[in-house]
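A.B. asks: Please find the sequence and the predicted model below.
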2 protein chains.
Amino acid sequence: MKKQITELTGVKEIARRANVSIATVDRVLHNRKGVSEQTKEKISKIIEELNYKPNLLAQRLASRKTLRIATLIPESSSETSFWDAPLQGIELADAEIKQLGIIVDKYFYDQNLIDSFVDQTRLILESKPDGVLLAPSFIEESVAFTEKCKELKIPYVLIDSDLPNNGSLSYIGPNLYHSGYLGAHLVSYLTGPQDKALIVNISREIDNHHHLLKKEEGFRTYFKDHHKPDNIIKIDIRETDLKSIEHQLSRVFEENNDIKVVFVTNSRVSNVAHFIESLGKDLILIGYDFLKENIEYMHKGIVDFLICQKPKQQAYRGLISLYRHLAFSSPVEKIYFMPIDILTKENSAFYRN
Amino acid sequence: MKKQITELTGVKEIARRANVSIATVDRVLHNRKGVSEQTKEKISKIIEELNYKPNLLAQRLASRKTLRIATLIPESSSETSFWDAPLQGIELADAEIKQLGIIVDKYFYDQNLIDSFVDQTRLILESKPDGVLLAPSFIEESVAFTEKCKELKIPYVLIDSDLPNNGSLSYIGPNLYHSGYLGAHLVSYLTGPQDKALIVNISREIDNHHHLLKKEEGFRTYFKDHHKPDNIIKIDIRETDLKSIEHQLSRVFEENNDIKVVFVTNSRVSNVAHFIESLGKDLILIGYDFLKENIEYMHKGIVDFLICQKPKQQAYRGLISLYRHLAFSSPVEKIYFMPIDILTKENSAFYRN
DNA sequence: ACAAAAAACGGGTACGTAAACGAATTTAAA
DNA sequence: TTTAAATTCGTTTACGTACCCGTTTTTTGT
């Protein structure tokens, strides 16, 4: 004996009203072929009227296919633990959606080895995933990869840095220029217009460098607007071990003993802090990212501000929106700039990375 | 002809291995009675072995009941639009979960009328919801309400302010003390240790006041640690229309012409900004919340910093975790302090409330 | 020892949608 | 006109779990 609960919605009701079977309704819903123009129109109209929204639960349940999403980010290195956070975001999202029939395959590359990146992209393409989450450190190679994805109709989401004019489903990450601009603004609270500033770029690969240049540009622009523009010194450090860094820094400080502000364009600020601490000068130091070592120097009073953009959230959001796109074809924001967070001694304990 | 996809998981597999029916497995899963101790143990063991996790989709689909969640927050008033943001958060979450069989009933009260609050709580209890999201402005009445919820086994989540030692499922909101402390820390960047500070509390109801006092306490503690503690003046403004506010402020400024810093303990900072602008003095002004009018004064340079704690996110998170708790009995963080965000002219454009 | 009550268990349908498969109908080819 | 092919559509099973209802087994009482 069937219990007939009168449903006012659902394919069944549509089928009843249109005087067809649910299979036919299903066909027009997924606009598969095999339906005459006439009945198709009739059904469409009823769907419209009922403002039918499919039951997402039933939909996912009935569709037997398990979606596979590949993620590709740098591996955490001994030099910086920055990429721990995005990985955590991925794992968090993974835990949430794995129960819903989604498989997340994690791939990693070495930020100092272009080849490792290329290798991994090849592996990913071979595995034919349904979607890709990518942190595109190497621009040229990333473009090549995403082109292939486009050919294969694999949607992909970019995090951490963008590939302009690229056909990604979404970009989730910082607005680099503005974060540099904000850095200079903070500096302006702490200094007079005559004080000299030092910009420190620490990065081996020229490609990652692009990331840093954007921040530098923002920083310089603010100084141009509010300070004497020639008050800025800059140093590029390509040898990224601690010893080389300190060596280079000490050279700069010997040559310029009137530096008041130091702006480090990435998470390597703790290395600079280590040097400045030994220097014993009372400088203002601003850097990036919520890393353990950076926070420590902030609490010591060596680092004044950290700028941060929720790397964990970036990856988490990226995966979730990819999942929603694939599973429910939900709309996705094309560009999602993360907020530019300011961390101080006093609020870092509450920060959500 | 049935297509037999060999499932390694699921109740069916458990039933097969235990040599019982699905129904029996179901009984032990929900520990309903009607199963002998013996078979119960056998099944439990297999469940353990298989590390069985129920398919959430199927679970929700099969359970016909639609969950109802009631939300109770202040209505947006002409005096402050603060509560627009939590409402948006609620609506966002609502849109997401309504497709999953959850109904959200929204209730509102007037922050200046205790009775309206009590009335609404009564309505909510009559409707017998499965869960409640509450912004407990009036402490005593809120406690009475939550007590009844506990009796009726209705889980509830608190946002915006906490009821200490209360049996809520979760509290999602600011740590008020630390946000005040941070405010003072920012002030310290902008002033010398001799400068005088004015604390402004603007609130009609004594209950809301509790909220403000916590912030004030944090602010004062920082000053005690780093400045002369007697450098603080304080004013309580109970008549909250613009005219009264300006009248009171002008009196204070007449009596104290050496005030350098103004700390407004809630979102009414724009009113103070309006006064200070007309005053023409170059003061440092810090206040709360990402409201349109506040942002405007920040861009004018009247307001220096805004402290903000994602009210929209608070409500959103609250609803989502309530939903997950009810639908999937997911674990919930007992206390979730929101990050303490610092807004300046330069990063407000990217802020996510 | 026997009936009655209680406990233990299985069969089967439902949730709302997907999709394979086959039946019916129309159209095109001969 | 006949038949093959293509188009249009309906029936049915399946997804994994919940739970009603009826049947079998065990326990209890006399």
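C.D. replies: Here it is on my side, so go on.
A.B. asks: can you pull the alpha-carbon coordinates of the lengthiest helix in chain A into PDB?
C.D. replies: If each helix of chain A is counted by residues according to DSSP state H, the longest one is helix A:206-226. What follows is the C-alpha trace of helix A:206-226 in PDB, where atoms were taken according to Å, rounded to 0.1, in the frame of the first residue of the first chain:
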ATOM      1  CA  ILE A 206      61.900  35.200 -11.100                       C
ATOM      2  CA  ASP A 207      58.300  34.000 -11.600                       C
ATOM      3  CA  ASN A 208      57.300  34.300  -8.000                       C
ATOM      4  CA  HIS A 209      58.900  37.600  -8.200                       C
ATOM      5  CA  HIS A 210      56.100  38.900 -10.200                       C
ATOM      6  CA  HIS A 211      54.000  38.400  -7.100                       C
ATOM      7  CA  LEU A 212      56.300  40.600  -5.200                       C
ATOM      8  CA  LEU A 213      56.600  43.300  -7.800                       C
ATOM      9  CA  LYS A 214      53.000  44.000  -7.600                       C
ATOM     10  CA  LYS A 215      53.200  44.700  -3.900                       C
ATOM     11  CA  GLU A 216      56.200  46.800  -4.300                       C
ATOM     12  CA  GLU A 217      54.400  48.900  -6.900                       C
ATOM     13  CA  GLY A 218      51.500  49.500  -4.500                       C
ATOM     14  CA  PHE A 219      53.900  50.400  -1.800                       C
ATOM     15  CA  ARG A 220      55.900  52.800  -4.000                       C
ATOM     16  CA  THR A 221      52.700  54.500  -5.300                       C
ATOM     17  CA  TYR A 222      51.600  55.300  -1.800                       C
ATOM     18  CA  PHE A 223      55.000  56.800  -1.000                       C
ATOM     19  CA  LYS A 224      54.900  58.700  -4.200                       C
ATOM     20  CA  ASP A 225      51.600  60.200  -3.100                       C
ATOM     21  CA  HIS A 226      52.500  60.900   0.500                       C
END
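A.B. asks: helices and strands around that helix, which ones?
C.D. replies: Other helices and strands packing on helix A:206-226, by 3 or more C-beta pairs under 8 Å, 6 or more residues apart in numbering or on different chains; DSSP states H and E, are helix A:139-151, helix A:176-190, strand A:196-202, strand A:232-237. Using the backbone N, CA and C atoms, a C-beta is placed for each residue, glycine as well.
A.B. asks: Tell me the helix or strand right after the last one.
C.D. replies: If I follow you right, that is strand A:232-237. Using DSSP states H and E, the next helix or strand after strand A:232-237 towards the C-terminus is helix A:242-255.
A.B. asks: on that earlier part again, rank the helices and strands packed on helix A:206-226 by pLDDT, which is bottom?
C.D. replies: Least confident of the helices and strands packed on helix A:206-226, judged by mean pLDDT, is helix A:176-190 with a mean of 88.
A.B. asks: can I have that helix written out in PDB, keeping just the CAs?
C.D. replies: Taking only C-alpha atoms (Å, rounded to 0.1, in the frame of the first residue of the first chain), the coordinates of helix A:176-190 have been written out as PDB:
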ATOM      1  CA  LEU A 176      48.600  42.400  -4.500                       C
ATOM      2  CA  TYR A 177      48.800  46.000  -5.500                       C
ATOM      3  CA  HIS A 178      46.500  47.100  -2.800                       C
ATOM      4  CA  SER A 179      48.100  45.100  -0.100                       C
ATOM      5  CA  GLY A 180      51.300  46.900  -0.800                       C
ATOM      6  CA  TYR A 181      49.500  50.200  -0.800                       C
ATOM      7  CA  LEU A 182      48.100  49.400   2.600                       C
ATOM      8  CA  GLY A 183      51.500  48.400   3.900                       C
ATOM      9  CA  ALA A 184      52.700  51.900   3.000                       C
ATOM     10  CA  HIS A 185      49.700  53.400   4.600                       C
ATOM     11  CA  LEU A 186      50.400  51.700   7.900                       C
ATOM     12  CA  VAL A 187      54.000  52.800   7.600                       C
ATOM     13  CA  SER A 188      52.800  56.400   7.300                       C
ATOM     14  CA  TYR A 189      51.200  56.200  10.700                       C
ATOM     15  CA  LEU A 190      54.500  55.200  12.200                       C
END
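A.B. asks: Return the angle between stretch directions for it and strand A:232-237.
C.D. replies: In this structure, helix A:176-190 runs at an angle of 130 degrees to strand A:232-237, with axes from the mean of the first three to the mean of the last three C-alpha atoms, to 10 degrees as the basis.
A.B. asks: Just name the shakiest helix or strand of chain A by mean pLDDT.
C.D. replies: Across the helices and strands of chain A, mean pLDDT, DSSP states H and E gives its lowest value to helix A:206-226, namely a mean of 81.
A.B. asks: So which residues make contact with that helix?
C.D. replies: Applying C-beta atoms under 8 Å, 6 or more residues apart in numbering or on different chains, the set of residues contacting helix A:206-226 from outside is A:111, A:114, A:137-140, A:161, A:176-185, A:188, A:193, A:197, A:199, A:201, A:203, A:229, A:231-232, A:234, A:236, A:263, A:265-266.
A.B. asks: Now which of those residues would you call buried?
C.D. replies: For those, a neighbour count by 16 or more other C-beta atoms under 10 Å in any protein chain shown gives the buried set as A:111, A:114, A:137-139, A:161, A:176-185, A:188, A:197, A:199, A:201, A:203, A:231-232, A:263, A:265-266.
A.B. asks: who's in contact with the closest residue to DNA strand D within the stretch 101-250 of chain A?
C.D. replies: Residue nearest to DNA strand D within the stretch 101-250 of chain A: residue A:101 (8.6 Å; C-beta to the nearest atom of the strand). If you count contacts by C-beta under 8 Å, 6+ apart, residue A:101 has them with A:60, A:65, A:66, A:67, B:57.
A.B. asks: Enumerate the beta-bridge partners assigned to the fourth one.
C.D. replies: Taking DSSP bridges, one obtains residue A:102 as the residues bridged to residue A:67.
A.B. asks: Now do the contacts for it.
C.D. replies: Counting by C-beta under 8 Å, 6+ apart, residue A:67 makes contact with A:101, A:102, A:103, A:130, A:131, A:323, A:326, A:327.
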